[in-house]
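Enquirer: Fold the following.
(chains A and B)
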Number of protein chains: 2
Amino acid sequence: MAAIVTAPATRRTARVADHSAPFITEHGAILRQVDLTYETWGTLNDAGDNALLIIHALTGDSHAAAHGLDDQPGWWEPLVGSGKAIDTDRYFVICPNNLGSCYGSTGPESTDPATGQPYCLTFPMLTVRDLVAIQARLIDRLGIRTLQAVIGGSLGGMQVLEWAAMYPERVRKAIPVAASGRFSAQGIAFNEIQRRVIMLDPAWNEGNYCPESAPSTGLAIARMVGVITYQSDELMAERFGRNPEARYTNWPAFLQRYDVEGYLNYQGDKLARRFDPNSYLYLTRAMDSHDLGRDRGSYEDGLSRITAPTLMVGIRSDILFPAYLVREVSDLLQQLGRDARYIELDSPNGHDAFLNDTARLSEAISDFLSE
Amino acid sequence: MAAIVTAPATRRTARVADHSAPFITEHGAILRQVDLTYETWGTLNDAGDNALLIIHALTGDSHAAAHGLDDQPGWWEPLVGSGKAIDTDRYFVICPNNLGSCYGSTGPESTDPATGQPYCLTFPMLTVRDLVAIQARLIDRLGIRTLQAVIGGSLGGMQVLEWAAMYPERVRKAIPVAASGRFSAQGIAFNEIQRRVIMLDPAWNEGNYCPESAPSTGLAIARMVGVITYQSDELMAERFGRNPEARYTNWPAFLQRYDVEGYLNYQGDKLARRFDPNSYLYLTRAMDSHDLGRDRGSYEDGLSRITAPTLMVGIRSDILFPAYLVREVSDLLQQLGRDARYIELDSPNGHDAFLNDTARLSEAISDFLSE
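Expert: Just a heads-up that it's a prediction; the model follows:
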């Protein structure tokens, strides 16, 4: 396998599966060529033992933080950098774009080498374990045996837990943020609605569309559902209340425009300009798969694979991953005799607090890593 | 005005607006012909002072209870009947189909007498106050001056509060169930998504469709969103968990079928067979309008119009009308010196507890009415 396909200054792409070493998914599909795009910060030491893996959420990318002052800020900018909680002076930090996504890594938008055409719906079903297994190949390629920590939020946090369960000998510490050990029925329900809306858009065309004629309205409305689950009743009351003056007005309104509707439509339209609808289908389905207990006996049996000290971070107002389900993981790990703890962000910002409430999160991560 | 247009045994339709007395909506539109379909139980006494009004929710109808043993059960069957909490031996009970709905009362599906065509989107925007004002005309037609009680849940509960605020001299007692004094930003957000999905369905055709080619997929997916807000995380976990065996499988699944998805799709398809998508658009927008304070000074000023003893009923697990917002109404009414109280159904059934947890609700209503 070639280690690295392209090598720009800050974003690299590694071919982590090819004909000589195809990737076989959890459900038995074969991918004969897989690229993962990733970014790194800091320097891998000679022993190769100062690496730290950050994993992004559903629609994120590899750009967790800026590379230098001239660069665009990343999605976890306040947490990652010189002297910050995830200290790039100390750690060699890696953030890959998820398998199935659309920011450089192989996904449904990629060309199937067997046909020369985009996969679209011939792309195989993915699970959270697939996303993790392919990352493990990237870590291998980088010559890294153990990770000082694996950290991520939401779908990223699901992957952190699977990393710790699938490769306990490779993970020194795990920090899953705003994630539970198995995705809830209500979470699956919210995801299903988002998929159905994308598939309702005539432009979806059974998944066969060109980027310029993608089902952007369907994806935008799907995202609007997502945005509700990323925020909270109290946050929306505070930010928008019942204000009928919409700051954003570029959508086909029915009779009125409340401000909260404008916000949702704005967020929906913004995502539709940057994300692939088929990737959204595959990755929400991967989220649905999340269950540490699947094919491992019981849920507790799945959790018992985790040996790394684990810091579970919940958010008081999280709708998508209710705090009690996040805490449950830490409680069960403790009952299994593991070093697990739980902290809760007392935030009104809902699920998105994992991106926005970085002061408290920074402190918790910093403390846990420095122990 | 003719009092009654048709008079089958159990369901009547009254023309409550006509050319001689058109109905002018809160936003100034004129409806020159309005019919309200309604059902009644029990007998109006000679004094005409034993009437009780029940108001249904978003997709409900006038059939709150069966008329005799041969009849279909109604949506509040355990609460309404001889010897029940809403005792039809004692009260003359009236339940009208809401204006804008599609079960006999005038709505977007009705024929506009000016054109001979269905209104579709030429139907005017409605508010909760419009729904109440037209009911007041029905009560007039029935020769009733005061109502012993006005009772309803969800959109019905919003109307109960407006009845008490708009016609304080006509309402002896008010029982709003699972409703707050103003609809929340998050509630508007959920409604907006439901409207956008209906409007995304190509069959919607800007509101111009025949009943046989209605946007049923759009309405079904909209209902799926609604169903999530009517249930709760804990209820879905209990009923469906992560079970991948779907009992209902009649939908275009993406790669998998979880049981919770089957349930949502089943509920969506069921509504799509019985409800008019344009009515859904108008009535969700009417819900959005709900704010006792609108054009009355402050929220407190709006609430201060209410003089009837009021029993607010909240539900612990309600997503759509969080219990704290239901309790707030009773707290504010008490601060205004009114006779108001709050009870909370300690139920995992979410918003739908107002339809399903009838034992506790029955007791509370019975106690309050008999005081």
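
Enquirer: low-confidence ranges in chain A?
Expert: A:1-9 (pLDDT under 70).

Enquirer: and the residue of it most remote from its centre, what is it in contact with?
Expert: Most distant from the centre of chain A: A:Leu255, at 36.8 Å, with distances by Cα atoms, centre = their mean. For A:Leu255, the contact set (Cβ atoms under 8 Å, 6 or more residues apart in numbering or on different chains) comprises B:Met125, B:Arg285. For the C-beta atoms, the positions are set from N, CA and C on the backbone; glycine is no exception.

Enquirer: Which of the three states applies to it?
Expert: coil (DSSP: H, G, I helix; E, B strand; the rest coil).

Enquirer: how deep is A:Leu121 tucked in, by neighbour count?
Expert: Residues contacting A:Leu121 under the criterion other Cβ atoms under 10 Å in any protein chain shown number 14.

Enquirer: That one contacts A:Asn205, correct?
Expert: No. A:Leu121 is beyond contact range of A:Asn205, at 10.3 Å (criterion: Cβ atoms under 8 Å).

Enquirer: I'd like the distance between the residue nearest to A:Asp112 when sequence neighbours are not counted and A:Thr106.
Expert: In space, A:Asp112 comes closest to A:Tyr119 once its chain neighbours are excluded; the distance is 4.8 Å by Cβ to Cβ, 6 or more residues apart in numbering or on different chains. Distance, A:Tyr119 to A:Thr106, using Cβ to Cβ, to the nearest Å: 8 Å.

Enquirer: contacting residues around the nearest residue to A:Pro244 once chain neighbours are set aside?
Expert: Of all residues beyond its chain neighbours, the one nearest A:Pro244 is A:Tyr258 (5.5 Å), with distances taken as Cβ to Cβ, 6+ apart. The contact partners of A:Tyr258, taken as Cβ under 8 Å, 6+ apart, are A:Phe240, A:Arg242, A:Asn243, A:Pro244, A:Ala246, B:Ala185, B:Ile188, B:Glu192, B:Asp288.

Enquirer: Would you map out the domains in chain A?
Expert: A:11-183+A:291-370, A:187-283 (automatic domain parsing).

Enquirer: Let me have those in JSON lines, adding distance to B:Arg129 as columns.
Expert: As requested, the domains of chain A are exported to JSON lines (distance: least, Cβ to Cβ, whole Å):
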{"stretch": "domain A:11-183+A:291-370", "distance to B:Arg129": "31"}
{"stretch": "domain A:187-283", "distance to B:Arg129": "15"}
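
Enquirer: Now do A:Ala237: how many residues are near it, please.
Expert: 17.

Enquirer: just A:Ile221 next, same as before
Expert: A:Ile221: 31 surrounding residues under other Cβ under 10 Å.

Enquirer: same for the host helix or strand of it, what does it pack against?
Expert: Using DSSP states H and E, A:Ile221 sits in helix A:216-230. Packing partners of helix A:216-230 (3 or more Cβ pairs under 8 Å, 6 or more residues apart in numbering or on different chains; DSSP states H and E): helix A:185-200, helix A:259-272, helix A:277-289, helix B:185-200.

Enquirer: Next, the angle from it to helix B:216-230.
Expert: Angle, helix A:216-230 to helix B:216-230, by axes from the mean of the first three to the mean of the last three Cα atoms, to 10 degrees: 10 degrees.
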